[in-house]
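Engineer: this is the structure alone, sequence omitted:
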């Protein structure tokens, strides 16, 4: 039987590109993001740029035989994190992504959803979650070949212990409610559901229906 060397360790600057690639390759509920967004640089900037570039000390990676196959990225104080929507708009204006085949439809659909929700439901898009009870947050992604090997739990535990040592009272994450494998995993490691899921603008399920953002929280004290 083939035995693999599995390791979870702190992020190093040399891991940056691997993390960005994994972010893109798992960006649609564990599948590649190119189902709705084809530009890897803007996608990685939106969803992992802050962590690797501004708070690398709160990041961890998982390796199989020396190859990085997963990560957990953390932010101690969520008020400091970049807003992904603002990063996306910066790329849109600087690089014309609203008029590019692989990104434009998603951006126009997002705008349409925001306007529709505002008119029909009188609701603005959900703001980034900020609550002093759970001020820290995290992201976790693992490539298919690294799943079901215990890495996920170890990556979550690494982030958890990092923020406990810094005195954070609580940790949260935002996921997609329809990604039930992820929701079940987060519940199994101690996260609890919080609030009502809200429709996400722009992104769609494979059947065309809208997906829902879902907040989960964990007390650290």
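Structural biologist: Cool, got the structure. What you are looking at is a predicted structure, and each value in this text was computed from that prediction instead of being measured.
Engineer: every contact and neighbour count from this point should use C-alpha atoms.
Structural biologist: Will do.
Engineer: residue boundaries of the strands in the chain?
Structural biologist: With strands called from DSSP state E, the chain shows them at 6-10, 59-64, 67-75, 136-142, 170-176, 192-204, 210-219.
Engineer: need these in CSV (columns: mean pLDDT, distance to residue 25 and mean neighbour count).
Structural biologist: CSV is the format used below for these (pLDDT from 0 to 100; distance: least, Cα to Cα, whole Å; neighbours: other Cα atoms under 10 Å):
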stretch, mean pLDDT, distance to residue 25, mean neighbour count
strand 6-10, 95, 20, 16
strand 59-64, 97, 15, 22
strand 67-75, 98, 11, 25
strand 136-142, 98, 9, 23
strand 170-176, 98, 16, 21
strand 192-204, 94, 16, 16
strand 210-219, 96, 19, 19
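Engineer: Throw those into a markdown table and include distance to residue 39, thanks.
Structural biologist: Listed next are the strands of the chain as a markdown table, based on distance: least, Cα to Cα, whole Å:
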| stretch | distance to residue 39 |
| --- | --- |
| strand 6-10 | 27 |
| strand 59-64 | 23 |
| strand 67-75 | 20 |
| strand 136-142 | 18 |
| strand 170-176 | 21 |
| strand 192-204 | 15 |
| strand 210-219 | 21 |
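Engineer: so which of those strands comes closest to residue 37?
Structural biologist: strand 192-204 (9.5 Å; Cα to Cα).
Engineer: report the distance from that closest one to the chain centre.
Structural biologist: 13 Å (Cα atoms, centre = their mean, to the nearest Å).
Engineer: rounded mean pLDDT for the helix ranked longest in the chain, please.
Structural biologist: Secondary structure of the chain read by DSSP state H shows that its longest helix is helix 104-120. Averaged over helix 104-120, pLDDT sits at 89.
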